[in-house]
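Asker: sequence isn't available, so here's the structure alone:
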């Protein structure tokens, strides 16, 4: 696992927002408690996805009282886990998949009962639709970029950054391009699950695009879960 210190720590380390009390097993249990209804296969996927995706490295970047946007949220698993953890925040998510958004809305009804301190809402939006209004303290772009056609990847990054408020945070994660065998395993997984051939963009390219928009990388981390490699970058917009 490779990491880069955050400038805010003076080079002695970084502001590590991972919740050390969380594990894939505990996150999976939280997902099962939140996703109790809906299509069996899709909700079961939410139950087991924490074993593949390092959500404990993501939800720690949601501060109390923050306004959060999850771009390409799928069935809302990221925001649901933050809610299940007891975070108080306003979370908005959108995705192009009607089935995923319906499951997210079903989950939200349960969250309102068992975790009312988090206000969650989800919307199905087409690619070129108007996004939720306003700026956000935290914007997530998690495992979305590789589904985007190469010609549209740069414009997506710019659009995502445009929703980050001054002193706000962009949390970006995607599947790794290296080593090659993990990249091929990721491609095979998406062929099976999403039935599409994914389009990798080097994470260094994303960093350069974000830097041109004034964003500063404060956390750089590469992780592995089984056959899956993950590239996490946390970026901040100066005030």
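Answerer: Looks like it came in fine. Every value quoted in this text rests on a predicted model; they were computed, and no experiment measured them.
Asker: could you pick out the longest helix of the chain?
Answerer: When the chain is parsed with DSSP state H, its longest helix is helix 98-114.
Asker: contacts for the helix or strand following that helix, please.
Answerer: Next along the chain after helix 98-114, taking DSSP states H and E as the criterion, comes strand 119-124. Residues outside strand 119-124 that contact it (Cβ atoms under 8 Å, 6 or more residues apart in numbering): 73, 76, 79-80, 83, 89-98, 101, 104-105, 107-108, 111-112, 132. To be clear about C-beta, it is placed using only N, CA and C from the backbone, and glycine gets the same treatment.
Asker: just the buried ones from those residues, in ChimeraX syntax?
Answerer: A single ChimeraX command is used to select the members of the contacts of strand 119-124 judged buried by 16 or more other Cβ atoms under 10 Å:
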select :73,76,79,80,83,89,90,91,92,93,94,95,97,101,104,105,107,108,111
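Asker: how about the helices in this structure?
Answerer: 24-34, 40-48, 77-84, 98-114, 150-161, 180-193, 203-212.
Asker: the shortest one to helix 40-48, inter-axis angle?
Answerer: Taking axes from the mean of the first three to the mean of the last three Cα atoms, to 10 degrees, helix 77-84 and helix 40-48 form an angle of 60 degrees between their directions.
Asker: go on, the fifth one?
Answerer: Relative orientation of helix 150-161 with respect to helix 40-48: 60 degrees, computed using the same axes, to 10 degrees.
Asker: show me what helix 150-161 is packed up against.
Answerer: Applying 3 or more Cβ pairs under 8 Å, 6 or more residues apart in numbering; DSSP states H and E, one finds that helix 150-161 makes contact with strand 136-142, helix 203-212.
Asker: quick one: contacts of the last one?
Answerer: Under the criterion Cβ under 8 Å, 6+ apart, residues 145, 154, 157-158, 161, 170, 172, 174, 177, 217, 231, 233, 235 lie in contact with helix 203-212.
Asker: circling back to that earlier point, mean neighbour count, the helices of the chain: which tops it?
Answerer: Mean neighbours per residue, mean count of other Cβ atoms under 10 Å, is largest over the helices of the chain for helix 77-84, with a mean of 27.
Asker: quick check: mean pLDDT across it?
Answerer: Across helix 77-84, the average pLDDT comes to 97.
Asker: that one: how far from the chain's middle?
Answerer: In terms of Cα atoms, centre = their mean, to the nearest Å, the centre of helix 77-84 is found 11 Å from the chain centre.
Asker: identify all contacting residues around it.
Answerer: The contact list for helix 77-84 (Cβ under 8 Å, 6+ apart) reads 27, 30-31, 33-35, 46, 49-50, 55, 58-59, 62, 68, 70, 73, 89, 91, 93, 104, 107, 111, 115, 117-118, 120, 140, 142.
Asker: that helix versus helix 24-34: what angle between them?
Answerer: Going by the same axes, to 10 degrees, helix 77-84 makes 90 degrees with helix 24-34.
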